[in-house]
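Colleague: next input, structure requested:
(chains A and B)
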Amino acid sequence: AQSVTQLGSHVSVSEGALVLLRCNYSSSVPPYLFWYVQYPNQGLQLLLKYTTGATLVKGINGFEAEFKKSETSFHLTKPSAHMSDAAEYFCAVSESGFRGARQLTFGSGTQLTVLP
Amino acid sequence: GAGVSQSPSNKVTEKGKDVELRCDPISGHTALYWYRQSLGQGLEFLIYFQGNSAPDKSGLPSDRFSAERTGGSVSTLTIQRTQQEDSAVYLCASSLGLTGDTQYFGPGTRLTVL
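Modeller: Below you'll find the model as predicted:
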């Protein structure tokens, strides 16, 4: 079974500072990797995903992530934090399962706080 | 276009009662997933439907949980004889059913079992 580890359940950054949220995965086969964001009392919204091809993936709201196979990592970054980025972020991996099903296995989440 | 919708948004019930949670996927999406989000367990996969095929029930935590999907569209998750540990947010997602495609999530149903 695949798994996802997110280092740091809480991360605080100042407005305008670099955002770095860490994600490591374990997988015996090439994974599909996702970052989702969850605002209070809302569902999950996709930020970006890696399936195949270019390892640097750009997403919405200025976020990007790089798939590094040698490090089994898929860290999320944003050059300059904005107050509106405050939310919980989930890294997820999809695994091939029942008749090709791609259910998501999630990390435990990182709560991002942006300080003025 | 319309996203995934779920109802009710909040449900409070007493221990031992049965509850039904509803999910309307995005039109044209053949795959539908249920997940549970709780403080202790994080986000967990529950069940998966692909078209009219038999579902993958491998994530259901007990036989008190069941789900159906009528006509390949709307899905209902039923929890019988609810327990306090069933309190959680139940999220539904749908996708095109293709390898590596994006799952789009609904806003969830917050279930509280007293």
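Colleague: and B:P55, its phi and psi?
Modeller: phi -70, psi 160 (degrees, to the nearest 10).
Colleague: give me the number of residues near it?
Modeller: Counted with other Cβ atoms under 10 Å in any protein chain shown, residues neighbouring B:P55 total 21. Just so you know, the C-beta spots here come from the backbone N, C-alpha and C atoms, and that holds for glycine as well.
Colleague: from B:R64, how far off is it?
Modeller: 16 Å (Cβ to Cβ, to the nearest Å).
Colleague: got it, and A:E88?
Modeller: Distance of A:E88 to B:R64, given as Cβ to Cβ: 29 Å.
Colleague: need the strands for chain A, in chain order.
Modeller: Using DSSP state E, the strands of chain A run over A:3-7, A:10-14, A:19-26, A:32-38, A:44-50, A:56-58, A:64-68, A:73-78, A:87-94, A:104-106, A:110-115.
Colleague: chain B: strands as residue ranges?
Modeller: Secondary structure of chain B (DSSP E): strands located at B:5-7, B:10-13, B:19-24, B:31-38, B:42-50, B:65-69, B:75-79, B:88-95, B:104-105, B:109-113.
Colleague: tell me if the helix or strand of chain B with the lowest mean pLDDT is near chain A.
Modeller: When each helix and strand of chain B is scored by mean pLDDT, DSSP states H and E, strand B:42-50 comes last, with a mean of 92. Yes - using Cβ under 8 Å from any Cβ of the partner chain, strand B:42-50 reaches chain A at B:42-43, B:45, B:48, B:50.
Colleague: which stretches of the chain have low pLDDT?
Modeller: If you meant another chain, say so; for now it's chain A. Applying pLDDT under 70 to chain A picks out residues A:96-101.
Colleague: not quite, go with chain B.
Modeller: Along chain B, the model assigns pLDDT under 70 to residues B:1.
Colleague: residue nearest the centroid of it?
Modeller: B:W34 (3.3 Å; Cα atoms, centre = their mean).
Colleague: for that residue, give its distance to chain A.
Modeller: Separation of B:W34 from chain A (Cβ to the nearest Cβ, to the nearest Å): 10 Å.
Colleague: and for that residue, nearest residue in space, chain neighbours not counted?
Modeller: Distances taken as Cβ to Cβ, 6 or more residues apart in numbering or on different chains place B:L46 nearest to B:W34, at 4.2 Å, with adjacent residues excluded.
Colleague: what does A:V4 give?
Modeller: The shortest distance from A:V4 to any non-neighbouring residue, by Cβ to Cβ, 6+ apart, is to A:G107 (3.9 Å).
Colleague: so how far is B:A2 from that neighbour?
Modeller: A:G107 is 29 Å from B:A2, by Cβ to Cβ.
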